[in-house]
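Asker: Have a look; sequence and predicted model below, questions after that.
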Amino acid sequence: MQTSLAFDLVEQIELADQILAGREDVLEPRDLPGPFGTVVRAVESVLLVCDMGAVLGGDCAVWKYGYVARIIREIAIVLSAERLDEFIRIASDSGFDELPTRLGRRPKLLHRDTQIRVDIFAGGGSSVVAGKPVPTRIPHPGKMAAQPGRLRYMDLPSLIVLKLTAGHSQDDADAIELLRANSEKMSSLREFAANIHSDYAAKFDVLAQLAREQIDH
């Protein structure tokens, strides 16, 4: 295994099958099977040393909230922006390597033992995502169910808004699948997005309509 992006198709399918088979037992991120659980526990050890909390988003959270066909390739976490440097410094002494990134892009770590990448989002920091300005900042992890010393799944409304913010085709597809899987919560999810910014409400409506059309078919 060279990097998380270099998993061959067989490895991806086998791991996806393991995760799906154990879905009922995966109550917390640390319960994920295989190398991803290993990385989550390594992240938690750093959080414990730093006495900070973080939330898990990305592929893992999308799967957790109902898009069970989503293949998990990497770990994505949201940390407090003001403690980002401290986390990276401790992680570099605890089994992670910092990967080179372009100026203005979010930091990334590589877990040495598993070669799985960890993408880090700065909560409460700059209102820039993937090098582009967005209407609002990524929320502080404390507003998304974070607890000191633990890596918790971010809540579903926050995950949906982050997907709306990202603006990539895969993020839009994830949002549609999440809305399909949580159709009974569509109204409250829209209200949450609208309360954050009107731009998010408008995009939510477009994706929600696509989700409803797929449900009808």
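Answerer: Thanks, I have it.
Asker: give me the low-pLDDT residue ranges for this protein?
Answerer: Filtered on pLDDT under 70, the chain yields the residue ranges 1-26, 104, 125-133, 217.
Asker: wait, what's in contact with the spatially most central residue of it?
Answerer: Closest residue to the average C-alpha location of the chain: Gly57 at 1.7 Å, with Cα atoms, centre = their mean. Taking Cβ atoms under 8 Å, 6 or more residues apart in numbering as the contact definition, Gly57 lies against 76-78, 121, 154, 158-159, 162. Using the backbone N, CA and C atoms, a C-beta is placed for each residue, glycine as well.
Asker: same thing with Leu151?
Answerer: 29-30, 40, 43-44, 47, 53-56, 77.
Asker: In strands, which of the residues you listed appear?
Answerer: Judged by DSSP state E, the contacts of Leu151 include 54-56, 77 as members of strands.
Asker: List just the nearest of these to Pro135.
Answerer: When these are compared for distance to Pro135 (Cβ to Cβ), Val55 wins out at 20.6 Å.
Asker: For stretch 97-104, give me every contacting residue.
Answerer: Stretch 97-104 is contacted from outside by 88, 91-92, 107-110, 112, 117, 128, 131, using Cβ under 8 Å, 6+ apart.
Asker: CA atoms only for that stretch, dumped as PDB, please.
Answerer: These are the backbone C-alpha positions of stretch 97-104, laid out as PDB (Å, rounded to 0.1, in the frame of the first residue of the first chain):
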ATOM      1  CA  ASP A  97       4.300  13.200   8.200                       C
ATOM      2  CA  GLU A  98       3.100  16.600   7.000                       C
ATOM      3  CA  LEU A  99       2.600  16.600   3.200                       C
ATOM      4  CA  PRO A 100       3.600  19.500   1.000                       C
ATOM      5  CA  THR A 101       0.600  21.600  -0.200                       C
ATOM      6  CA  ARG A 102       0.200  24.700  -2.300                       C
ATOM      7  CA  LEU A 103       0.000  28.000  -0.600                       C
ATOM      8  CA  GLY A 104      -3.500  28.700   0.800                       C
END
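Asker: And the lengthiest helix in the chain, how far out from the chain middle?
Answerer: If each helix of the chain is counted by residues according to DSSP state H, the longest one is helix 198-216. Per Cα atoms, centre = their mean, to the nearest Å, the displacement of helix 198-216 from the mean C-alpha position of its chain is 21 Å.
Asker: Now, of the ones in strands among the contacts of Leu151, which are buried?
Answerer: With burial judged by 16 or more other Cβ atoms under 10 Å, the buried subset of the ones in strands among the contacts of Leu151 is 54-56, 77.
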